[in-house]
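Participant: Show me how the following folds:
(chains A and B, ligands or ions: 1)
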Amino acid sequence: MAETAQWTPRSAWAGIAQPGTFGAAGRGGVTATLLEGHGLASLIAAPGGAEALARRVEQSLGLALPTAPRIVSGAGHDVIWSGPDQWLLRARSRGEMPSLIAELARYAAVSDQSDARAALRLSGPHLRDALAKGVMIDLHPAAFAVGDAAATSVAHLGVQLWRLPDAAEGPAFEIMVARSLAGSFWSWFAASAAEFGCRVVAGRG
Amino acid sequence: MRITCPYCGARDAQEFSYLGAADPVRPDGMAAAEAAMADYVYLRDNPAGPHRELWYHGSGCRSWLIVTRDTRTHAISAVEPAKVRKAGEAA
Ligand SMILES: [Zn+2]
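Facilitator: Residues are numbered from 1 along each chain as shown, chains lettered A, B, ... in the order given. Here you go, the predicted structure:
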């Protein structure tokens, strides 16, 4: 324990991305917020167990588990469809994850993913132009509504993304990638967003 | 080529992995004759036309799918979750 007592949390973006600006000066076409501090867990219902899990999530968090590729959000939590009978649960506050996981583990296979994903909130007038360089699915508002979610790949990297309500500066999405691939993802993102000018800020998930 | 996953919608084929023909059913290895097992392991039809085949949506929902694809045109006439067929077989 002596050694682990000295360990300190390290951001998934540490050494990869930092607040500032890059690319075309003065354009501000894309804003990237490096998300920290949230808790994440994957939920997988046992065969035939999805209804019991959905009832429990409804009781505990007041959220209806989506049965299609969507995100359902409440004040402190989100649930994101990630496959048949599979979801990602996000808590704004990481501190509550241990109790949440213990409670839901009676209804599903639950795995803490809080440190396993690197997360970004992306927005801006040219966000769709930047994403179109790597996202193979159609993110046009007519095809991908607010609250729609998808598991897909970008530059051969698996990602989960969903659309938020539009922000003042333009359309907004969140995107998560495996932490070990954060450097590769950022390499793609920085190259794709540079021509539009990108502002990077730190934020909370 | 795009495959319309019943869960995720239309996706580029690079999100999927191909396994092979969907219809061969593994004989009981303890009871089956050697010829039946050899047939299952090695012999496949090679139709010029509709072919039922297994694809895995590894970059998406991680589901196994049965895709009916015309081998002459790549036209896909049906995509269904493989677990539906598995449940049917057990009955
Ligand atoms: Zn899928």
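Participant: rest of the way, CA atoms for contacts and neighbours
Facilitator: Noted.
Participant: Where is the longest strand in chain A?
Facilitator: Ordering each strand of chain A by length in residues (DSSP state E) puts strand A:157-167 first.
Participant: Now look at that one and say if it contacts the ion.
Facilitator: No - using C-alpha under 5 Å from the ion, strand A:157-167 stays clear of the ion, coming no nearer than 12.3 Å.
Participant: and that strand, is it in reach of chain B?
Facilitator: Yes - with C-alpha under 8 Å from any C-alpha of the partner chain as the measure, strand A:157-167 is seen reaching chain B through residue A:158.
Participant: which strands and helices sit next to that strand?
Facilitator: strand A:149-154, strand A:170-178 (3 or more C-alpha pairs under 8 Å, 6 or more residues apart in numbering or on different chains; DSSP states H and E).
Participant: can you state the direction angle for whatever helix or strand comes next after the longest one and strand A:149-154?
Facilitator: With elements assigned by DSSP states H and E, the helix or strand that comes after strand A:170-178 is helix A:182-193. Using axes from the mean of the first three to the mean of the last three C-alpha atoms, to 10 degrees, the interaxial angle of helix A:182-193 with respect to strand A:149-154 works out to 90 degrees.
Participant: Give me the helices and strands touching helix A:182-193, please.
Facilitator: Under the contact definition 3+ C-alpha pairs under 8 Å, 6+ apart, helix A:182-193 sits against helix A:127-131.
Participant: all strands for chain B, in order.
Facilitator: Assigned by DSSP E, chain B shows strands spanning B:2-5, B:9-12, B:17-21, B:50-56, B:64-70, B:76-81.
Participant: Among those, which comes closest to residue A:89?
Facilitator: Ranking the strands of chain B by distance to residue A:89, with C-alpha to C-alpha as the measure, places strand B:9-12 first at 22.4 Å.
Participant: Just confirm yes or no for that closest one near chain A.
Facilitator: Yes - using C-alpha under 8 Å from any C-alpha, strand B:9-12 reaches chain A at B:10, B:11, B:12.
Participant: Name the stretch among the helices and strands packed on strand A:157-167 that sits most buried.
Facilitator: Among the helices and strands packed on strand A:157-167, strand A:149-154 has the highest mean neighbour count (mean count of other C-alpha atoms under 10 Å in any protein chain shown), at a mean of 23.
Participant: quick one, it and strand A:170-178 angle?
Facilitator: Using the same axes, to 10 degrees, strand A:149-154 lies at 70 degrees relative to strand A:170-178.
Participant: wait, what's in contact with the residue nearest the centre of chain B?
Facilitator: In chain B, the residue lying closest to the centroid (C-alpha atoms, centre = their mean) is residue B:54, at 2.1 Å. Residue B:54 makes contact with B:18, B:19, B:20, B:21, B:22, B:64, B:65, B:66, B:67, B:82, according to C-alpha atoms under 8 Å, 6 or more residues apart in numbering or on different chains.
Participant: go on, residue A:72?
Facilitator: Here residue A:72 is in contact with A:63, A:64, A:65, A:66, A:78, A:79, A:80, A:147 (C-alpha under 8 Å, 6+ apart).
Participant: May I see those organised as JSON lines, with neighbour count added?
Facilitator: Output for these, formatted as JSON lines (neighbours: other C-alpha atoms under 10 Å in any protein chain shown):
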{"residue": "A:63", "neighbour count": "19"}
{"residue": "A:64", "neighbour count": "18"}
{"residue": "A:65", "neighbour count": "27"}
{"residue": "A:66", "neighbour count": "17"}
{"residue": "A:78", "neighbour count": "20"}
{"residue": "A:79", "neighbour count": "26"}
{"residue": "A:80", "neighbour count": "28"}
{"residue": "A:147", "neighbour count": "16"}
